[in-house]
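Engineer: make a model of this:
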Amino acid sequence: MWLNKDNQALLKEKNEFVSFRKAFDNGNDINLMKWFIGIGLLLIIFLLLPWTQNIQAPGIITTRSPEQRPQELNSVIDGRIEHWFVKEGDMVDKGDTILKISEVEEYYLDPELLKRTEEQILAKEGTVDFYRNKVTAIQNQLSATYQVRELTLQQLKNKIKQATLNVVTDSMSLKAAETELKIAQDQYKRQEELYKQGLKSLTELEQRKQQLQNAEAKITTAANKFANTKNDLLIAKIELNQTDNEYSEKMSKAESDKFAALSEITNGESEVAKLKNQFSNYSIRNAFYYVLAPQDGQITKTISAGIGEIVKAGEMIVKIVPQKFQYAVEMYVRPMDLPLMNIGQKVRFQFDGWPAIVFSGWPVASYGTYGGVVVAIDNSVSDNGKFRILVVEDSKDQKWPDALKVGGGAKGMALLKDVTIIYELWRNINGFPPDFYKSTDSKEQPSKNEK
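Structural biologist: As a prediction, the model looks like this:
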């Protein structure tokens, strides 16, 4: 009975209050349930939508070609700044003069250094020519000496032949004198025997004795002449050897002088080459007094500014930024993400200064981003503990802005595999890395032989 009374009171209050009546309206309960079911279905559909896995990493705008990067302009030699031809912010062309420096090393301070070095070269070349002429003269002297030597030796050889013939003649004369003496001795003995027997007179004996004495005188004369002739032959041979030795000594001395002159020529040519090398070095050094722009670009920073300031060799003077770039972005990825990167992989960029609406999982829906392609991956870790990846502009995508500057920032997203959103949430909740796969763009096409 009390329950019925309570129900009646509730019904009475329900009819009196609108909010109370709406709270206990069964139709509103049905609508709320429909809302919960609809939101649940939408959430399920949303979780089943495709999601592109990606690796996000900051990047810096650079250029792939080393000669297109900002470079330091250095002085090749030590010098003192004399005059600046540019100021910061100026645009210069290749070969334009940046500044002029003067010499500070005492070895090169002589303003006539090139002229004096050239004079030394000419003097040394004149010395070399003198020794060449000396060699020619010595060679002519050797030829003349050789001819005189041959004639003199031939004359002495003829003299030896003549002396030899004289020796033969005198030896035959000596033999004849000896024979004649023997005959005279025999005749004298027989005449003496006949004289003793009284068959010959004393006069005839004395005649035979005189003949014997004449024969003895002849043999003495022949022997002396033969000895003199042999002595003449010996003297002729000694003279031949002596003359040969004298001419050999003269020719050896001339040859020695010739080789000494050739040695001086070699030393002179070496000195000439050394002086020419110095002359070339001085000429090239003079060209270093004017620092020229190596390429077209803009002067952005000057380190040594004051007139009269000393600059050291290899020291930076100014920094020049090239005018034309082939832009690239260097990204640094974590070591755990490196296996997921490969050459030819697609990357999306958001550049500093260009507003963009980015949906990392839906790159197609992103606005203000630009496409890139991975072209290089370092094999060694960088100082920051990450691996550097170089990305260039994707020729098949939107062109990168022309107003990009080297050193500007960029945020990159390397696109990986397409998965569902629920799988990506599950992966992140469990701390699993993105799926490891190979991009189809980077796969090498099989060759004809492989086909």
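Engineer: which residues sit against stretch 131-148?
Structural biologist: The contact list for stretch 131-148 (C-beta atoms under 8 Å, 6 or more residues apart in numbering) reads 247, 250-251, 254-255, 257-258, 261-262, 264-265, 268. The C-beta positions use only the backbone N, C-alpha and C, and glycine is treated the same way.
Engineer: buried ones only from these, please, as a PyMOL command.
Structural biologist: For the buried members of the contacts of stretch 131-148, the matching PyMOL selection, counting by 16 or more other C-beta atoms under 10 Å, is:
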select buried, resi 247+250+254+257+258+261+264+265+268
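Engineer: export the contacts of stretch 131-148 to a markdown table and tack on secondary structure, distance to residue 32 and pLDDT?
Structural biologist: Listed next are these as a markdown table, based on DSSP: H, G, I helix; E, B strand; the rest coil; distance: C-beta to C-beta, whole Å; pLDDT from 0 to 100:
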| residue | secondary structure | distance to residue 32 | pLDDT |
| --- | --- | --- | --- |
| 247 | helix | 140 | 85 |
| 250 | helix | 137 | 86 |
| 251 | helix | 134 | 87 |
| 254 | helix | 132 | 88 |
| 255 | helix | 128 | 89 |
| 257 | helix | 128 | 89 |
| 258 | helix | 125 | 88 |
| 261 | helix | 122 | 88 |
| 262 | helix | 119 | 90 |
| 264 | helix | 118 | 90 |
| 265 | helix | 116 | 90 |
| 268 | helix | 114 | 89 |
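Engineer: OK, contacts around residue 285?
Structural biologist: By C-beta under 8 Å, 6+ apart, residue 285 lies in contact with 77, 108.
Engineer: quick one: it is in a helix?
Structural biologist: Yes - counting by DSSP: H, G, I helix; E, B strand; the rest coil, residue 285 is found in a helix.
Engineer: just the pLDDT for it.
Structural biologist: Residue 285 carries a pLDDT score of 85 in this model.
Engineer: could you measure from it over to residue 413?
Structural biologist: 53 Å (C-beta to C-beta, to the nearest Å).
Engineer: for residue 388, same thing?
Structural biologist: Residue 388 is 17 Å from residue 413, where distance means C-beta to C-beta.
Engineer: now do the strands in the protein.
Structural biologist: Applying DSSP state E to the chain gives strands spanning 50-63, 71-74, 79-84, 91-92, 97-102, 290-292, 297-302, 310-311, 316-322, 327-333, 346-351, 370-377, 387-393, 409-420.
Engineer: how does the chain divide into domains?
Structural biologist: The record's domain parsing of the chain by automatic domain parsing lists 1-47, 52-64+326-451, 71-103+289-321, 113-285.
Engineer: and the closest residue to residue 275 other than its chain neighbours, how close does it get to residue 269?
Structural biologist: The shortest distance from residue 275 to any non-neighbouring residue, by C-beta to C-beta, 6 or more residues apart in numbering, is to residue 121 (4.6 Å). Here residue 121 is placed at a distance of 11 Å from residue 269 (C-beta to C-beta).
Engineer: more crowded one of these two?
Structural biologist: Neighbours were counted for residue 121 and for residue 269 using other C-beta atoms under 10 Å; residue 121 has more, 18 against 14.
Engineer: for residue 285, see how far away that one is.
Structural biologist: Using C-beta to C-beta, residue 121 is found at 17 Å from residue 285.
Engineer: and residue 388 and residue 413? Which one has more around it.
Structural biologist: The neighbour count for residue 388 versus residue 413, taken as other C-beta under 10 Å, is higher for residue 413 (24 against 17).
Engineer: got the contact list for residue 404?
Structural biologist: By C-beta under 8 Å, 6+ apart, the residues touching residue 404 are 61, 325, 327, 351.
Engineer: surely the second one is in contact with residue 407?
Structural biologist: No - the pair residue 325 / residue 407 is not scored as a contact, 11.3 Å apart, by C-beta atoms under 8 Å.
Engineer: between the two, who's got more neighbours?
Structural biologist: Remark: of residue 325 and residue 407, residue 325 carries more neighbours, 18 against 11, as counted by other C-beta under 10 Å.
Engineer: is residue 61 bridged to anything, and to what?
Structural biologist: Beta-bridge partners for residue 61, by DSSP bridges, are residue 329.
Engineer: surely it meets residue 411?
Structural biologist: No - using C-beta under 8 Å, residue 61 is not in contact with residue 411; the gap is 11.5 Å.
Engineer: which among the contacts of residue 404 gets closest to residue 373?
Structural biologist: For these, the closest approach to residue 373 (C-beta to C-beta) belongs to residue 327, at 12.5 Å.
Engineer: number of residues surrounding the closest one?
Structural biologist: Count around residue 327 with other C-beta under 10 Å applied: 22.
Engineer: which residues touch it?
Structural biologist: By C-beta under 8 Å, 6+ apart, the neighbours of residue 327 are 61-63, 392-393, 400, 404, 406.
Engineer: separation between it and residue 201?
Structural biologist: 154 Å.
Engineer: repeat for residue 215
Structural biologist: 21 Å.
Engineer: out of those two, which sits in the busier spot?
Structural biologist: Applying other C-beta under 10 Å to residue 215 and residue 201 shows that residue 215 carries more neighbours, namely 21 against 12.
Engineer: let me know whether the more buried one touches residue 187 as I believe.
Structural biologist: No - Residue 215 is beyond contact range of residue 187, at 9.4 Å (criterion: C-beta under 8 Å).
Engineer: surely residue 120 and residue 275 touch.
Structural biologist: Yes - assessed by C-beta under 8 Å, residue 120 is found in contact with residue 275 at 5.4 Å.
Engineer: quick one, which of these two is more surrounded?
Structural biologist: Legend: neighbour count by other C-beta under 10 Å for residue 120 and residue 275, higher for residue 275 (19 against 16).
Engineer: what residues are up against the more buried one?
Structural biologist: 117, 120-121, 124.
Engineer: repeat that for 10 Å
Structural biologist: Neighbouring residues of residue 275 by C-beta atoms under 10 Å, 6 or more residues apart in numbering: 117-125.
Engineer: now residue 160
Structural biologist: Shown in contact with residue 160 (C-beta under 10 Å, 6+ apart): 232-237, 239-240.
Engineer: pick the one among those residues closest to residue 93.
Structural biologist: Closest to residue 93, out of all of the contacts of residue 160 and judged by C-beta to C-beta, is residue 240, at 85.8 Å.
Engineer: which residues sit in contact with the closest one?
Structural biologist: Counting by C-beta under 10 Å, 6+ apart, residue 240 makes contact with 152-153, 155-157, 159-160.
Engineer: now list the buried members of those residues.
Structural biologist: 152, 156, 159-160.
Engineer: run the chain-centre distance for stretch 255-264.
Structural biologist: Using C-alpha atoms, centre = their mean, to the nearest Å, the mean C-alpha position of stretch 255-264 is found 37 Å from that of the whole chain.
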